[in-house]
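Colleague: Sharing a model prediction with you, sequence too.
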Amino acid sequence: MDEARRKSTYSVAAGVAVAAKLAAEGRFIFTTDDARRVAADLGMPSSGVGMMLSRLTGAGWIKRLRRGLYAGTGRVPGGTDIPELAVATALVQPSAISLWSALSFHDLTTQVPLIVMATAPRKVTAPSMRATGHADSGRMSSGKHGWRVDQVEFTFMSVRPDRFFGIENVWIDQFFRVPIMDRERTVLDLIACPRFFGGLDTALATLDENWRELDLPRLVDYAIRYDSKGIGGAAGVVP
């Protein structure tokens, strides 16, 4: 085996060992620094970790979510495929699943969202806002800015920190607990940001169909906390 082939094979094999150890620690989503730490524990030089992760990604053992952030797959020993909602909240921290994605999660709509939507308490700079030339750059098919991972699109709405509330941490499977806007906060977003849902008619129809299942005092409290003077236009979104 020539030297280049030997190095490539070693890198993939070493990367699988690193990813497997991270999975054993419960780090199914991990950073480059996490990989360097584990590589050092396994007696591997840290200088080659970046190339090792690149080769591991190219071979389909892991996925690159964004610069310096990776996710294992079910191919890794002890690993698992990462749910889309978990990917979203890992891309931007802190953030919470919201808007159409939360509406669907809470069974408040029969429509299947085409993109995964979340909210963050700060402005988010997505790779599609930069002309980087990476595979995940460029506007998405929805016309919005965001991330694209394995053809799944992710976009984030930005709100003021004092409006980042109404969040519950939900186990979506045996491995992942994800922050998601609760039912009442999701309905509030329907009213406060109707443009994301196709207009106020969607909000009124959702309320009419689901009001018996909502905690109405909580919804009223959320509306007051959100600041009724700003409802309808104060929340911003990454352009």
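Modeller: Nice, thanks for sending it over. Numbers count the residues shown, from 1 in each chain.

Colleague: only C-alpha atoms for contact and neighbour calcs from this point on.
Modeller: OK.

Colleague: which residues in this structure form helices?
Modeller: With helices called from DSSP state H, the chain shows them at 3-24, 32-41, 49-58, 84-91, 99-105, 183-192, 200-210, 216-226.

Colleague: Of all those, which one comes closest to residue 176?
Modeller: helix 84-91 (6.7 Å; Cα to Cα).

Colleague: chain center to the closest one, what's the gap?
Modeller: Centre-to-centre, helix 84-91 and its host chain are 2 Å apart (Cα atoms, centre = their mean, to the nearest Å).

Colleague: mind listing what's buried in it?
Modeller: Using 16 or more other Cα atoms under 10 Å as the test for burial, helix 84-91 gives 85, 86, 87, 88, 89, 90, 91.

Colleague: I figured the last one hits residue 65, correct?
Modeller: Yes: because the distance of 6.9 Å satisfies Cα atoms under 8 Å, residue 91 is recorded as touching residue 65.

Colleague: hang on, the earlier thing: can you name the two of the buried residues of helix 84-91 that are farthest apart?
Modeller: Those two in those that are separated most widely, counting by Cα to Cα, are 85 and 91, at 10.1 Å.

Colleague: how does this structure divide into domains?
Modeller: With domains defined by automatic domain parsing, the chain comprises 3-72, 84-237.

Colleague: would you list those in a markdown table and tack on mean pLDDT?
Modeller: Formatted as a markdown table, the domains of the chain follow (pLDDT from 0 to 100):
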| stretch | mean pLDDT |
| --- | --- |
| domain 3-72 | 89 |
| domain 84-237 | 85 |
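
Colleague: Redo those domains as JSON lines? Include distance to residue 78.
Modeller: JSON lines is the format used below for the domains of the chain (distance: least, Cα to Cα, whole Å):
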{"stretch": "domain 3-72", "distance to residue 78": "6"}
{"stretch": "domain 84-237", "distance to residue 78": "12"}
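
Colleague: which residues touch residue 116?
Modeller: By Cα atoms under 8 Å, 6 or more residues apart in numbering, the residues touching residue 116 are 84, 85, 88, 97, 100, 101, 152, 153, 154, 155.

Colleague: Give me the buried entries from those residues.
Modeller: Buried subset of the contacts of residue 116 (neighbour count, 16+ other Cα under 10 Å): 85, 88, 97, 100, 101, 153, 154, 155.

Colleague: and which of these is nearest residue 11?
Modeller: residue 88 (28.5 Å).

Colleague: thinking that closest one is in contact with residue 118, fair?
Modeller: Yes: taking Cα under 8 Å as the definition, residue 88 is a contact partner of residue 118 at 7.0 Å.

Colleague: which residues do these two both contact?
Modeller: Joint contacts of residue 88 and residue 118 (Cα under 8 Å, 6+ apart) are 97, 154.

Colleague: ok and the longest strand along the chain relative to helix 84-91, angle-wise?
Modeller: Determined from DSSP state E, the single longest strand within the chain is strand 152-158. Comparing the axes of strand 152-158 and helix 84-91 via axes from the mean of the first three to the mean of the last three Cα atoms, to 10 degrees yields an angle of 50 degrees.

Colleague: For strand 152-158, which helices and strands make contact with it?
Modeller: strand 116-120, strand 147-149, strand 236-237 (3 or more Cα pairs under 8 Å, 6 or more residues apart in numbering; DSSP states H and E).

Colleague: The second one pairs with which strands?
Modeller: Put plainly, it is strand 147-149. If you go by DSSP bridges, strand 147-149 pairs up with strand 152-158 (antiparallel).

Colleague: roughly how far is the partner strand from the heart of the chain?
Modeller: Chain-centre distance of strand 152-158: 8 Å, with Cα atoms, centre = their mean.
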